[in-house]
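> Here is my input; please provide its structure:
(chains A and B)
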Amino acid sequence: MSISTPGGPERRPTVVTTGKKPAAGRPAAGAKAGAGKSTGDAPRTSAGGKGKGPRKPIAPVKVSQGRSWGPIALFTAVGVLAVGIIGFGAWATFQGSKPWEDRAADISGIVNFRKTDPDLVKGSNHQPGSIKYAQSPPVAGPHNATWQNCMGNVYDAPIANEHAVHSLEHGAVWITYRPDLPADEVAKLKSKVEGQEKLMLSPFEGQDKPISLQAWGYQLKVDNADDSRIDEFIKTLRVNASIEGPTANCGEPGITATGTTPRDGAPMPTQ
Amino acid sequence: MTAPTTTEPDTAEAPAADGDGGPTTARRFGTLAVVAAVVVGLLLGYAGGLLTPKLTRPGDASAEAGFARDMTTHHAQAVEMGLIAFQQGTDAEVVSIGGDIATGQQGEIGTMQTWLRSWGLDPTGSQPRMAWMPDGTASMKNGLMPGMATPEQMAKLRDTPQGREKDVLFLELMIQHHLGGVHMIDGILDASDDPEVVRVAQTMKNTQQTDLTNLTAARDRLAKG
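Numbers count the residues shown, from 1 in each chain, chains lettered A, B, ... in the order given. Below you'll find the predicted structure:
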């Protein structure tokens, strides 16, 4: 690249030879060129001593032609290729290792309450009885001590927010749907949830969109079960969104009962 | 490109004019080139060194990642069963083995989740469940991996009143669960040569095979009595 730029060759042919050497990256070449070529050129007679006097001028011509573009092009091509491969690898790795928070932000329509309401998502106090939530369905906040089982549970009836929010804290993605969602749409959601721990599904009365997804501090509302953002939301936020890490429990001793009345704070059953 | 031919005639005078300038420039130019080459080489080497661990560690579709995710889910159900036995079992061995399985497998979930995190992968995969095992996806039933209890079986285990019937039901379900688990562990032992994954998987297999002996003996004892 830079090798071809100087006007040196036109001014001073000997540089042509040396110009070629650096391409091979050999410092010894410079010394060699000084020793071999200049002496070979300057006293023409010595060159003639070889018995090829008249043809000597041809030698520099060969040297000039020896600045062959083949190797230069080859090295350049190999260099560009190497930089390209490594650059692509670095780029791909960088993209692939984007933190889940960044990937979550890339999901269109997602609402991140960690930004809009940081106090809501950092608190996770246990509180008995009914609790009022600002979001519907709720996405974070205080909750009952008992969690709703989120071992891929499919609930056919609405469940209590106060238990469900505890499941979100444990890393669950809670999918809710309006009770009027067609049965085939519900079946699609069910197939995503069944058998997958840290997921649960339930109908939710009065939600403003047919389907809503909740993770701790995040919400995404969509119109139908084929929306690709559903899988994206689950992949990005399931477990990752938990503020208690990947080993928080979604099974026993949680509850599997349905009904929107929270159970904590109810009087202890008398024996 | 045409430079070489046009300079031909000058070759004779050139050495005289630049008698000592030529070699010096050549040496300087050569040194520069070498330095540049060394710097570029070091940069490429550094980039390669940064990338190599990321390119060689298990990827999103690898058997190791599939195993870590699927075995986490499989284990999570065993933890649930174990805690039911620990909390509601009647027979002393059922209570202790339930607690043992719940704590042991929950610990292994932590190990597997740590792998995923250190590999830069999500706990949730983009591949279907069991896709990492030959004929794995065919072994899935209603989203359940081999040996896993159905929601109905789990509900029955939860709802059966405390007593021998509940204990035996737990043992039966856990025996099936472990048989499926050992099948999956064999799958990763065949597929992986990651020393850490193989070591942990082998430990899981040892534990579950010992459990199977004890679970079966307890089942036979309780079923007879």
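> buried sites along the helix or strand containing A:Ile85?
Assigned by DSSP states H and E, A:Ile85 falls within helix A:69-96. Residues A:75, A:86, A:89 are the ones in helix A:69-96 that count as buried (16 or more other Cβ atoms under 10 Å in any protein chain shown). Using the backbone N, CA and C atoms, a C-beta is placed for each residue, glycine as well.
> which of those are close to chain B?
Contacts with chain B within these, counted by Cβ under 8 Å from any Cβ of the partner chain: A:86, A:89.
> Which residue ranges of the chain form helices?
All of this refers to chain A. Listed in chain order, the helices of chain A (DSSP state H) span A:8-11, A:13-24, A:27-32, A:39-41, A:44-47, A:58-66, A:69-96, A:100-105, A:113-116, A:118-122, A:161-169, A:183-193, A:229-237.
> think we crossed wires, I meant chain B
Listed in chain order, the helices found in chain B under DSSP H are B:3-7, B:14-17, B:21-56, B:63-88, B:92-118, B:151-159, B:164-191, B:195-224.
> Okay, and the beta partners of the closest residue in space to A:Asn112 that isn't next to it in sequence?
Among residues not flanking A:Asn112 along the chain, A:Tyr218 sits closest, at 5.9 Å (Cβ to Cβ, 6 or more residues apart in numbering or on different chains). For A:Tyr218, the beta-bridge partners are A:Asn112, A:Ala215 (DSSP bridges).
> show me the residues around A:Tyr218 that make contact.
Applying Cβ atoms under 8 Å, 6 or more residues apart in numbering or on different chains to A:Tyr218 gives the contacts A:104, A:110-114, A:139, A:233, A:237, A:241.
> From these, list the buried ones, please.
Buried among the contacts of A:Tyr218 by 16+ other Cβ under 10 Å: A:104, A:110, A:112-114, A:139, A:233, A:237, A:241.
> quick check, nearest of those residues to A:Asp227?
Using Cβ to Cβ, A:Phe233 comes nearest to A:Asp227 of the buried ones among the contacts of A:Tyr218, at 9.3 Å.
> thinking again about what came up before, which of the helices of chain B sits most buried?
helix B:63-88 (a mean of 24; mean count of other Cβ atoms under 10 Å in any protein chain shown).
> hang on, isn't B:Asp122 packed against A:Ala241?
No: assessed by Cβ atoms under 8 Å, B:Asp122 is found out of contact with A:Ala241, at 11.2 Å.
> Find residues that contact each of these two.
With Cβ under 8 Å, 6+ apart as the test, B:Asp122 and A:Ala241 both reach A:Trp100.
> one step back: the helix holding A:Ile85 to helix B:21-56, inter-axis angle?
30 degrees (axes from the mean of the first three to the mean of the last three Cα atoms, to 10 degrees).
> Give me every residue in the stretch 101-250 of chain A lying close to chain B.
Counting by Cβ under 8 Å from any Cβ, the stretch 101-250 of chain A sits next to chain B at A:151-154, A:191, A:194-198, A:234-236, A:238-240, A:246-247, A:249-250.
> and if we set it to 10 Å?
Counting by Cβ under 10 Å from any Cβ of the partner chain, the stretch 101-250 of chain A comes close to chain B at A:103, A:149, A:151-154, A:171, A:173, A:190-199, A:231-232, A:234-240, A:242, A:245-247, A:249-250.
> thought B:Ala85 was touching B:Gly99?
Yes: counting by Cβ atoms under 10 Å, B:Ala85 touches B:Gly99, with 7.7 Å between them.
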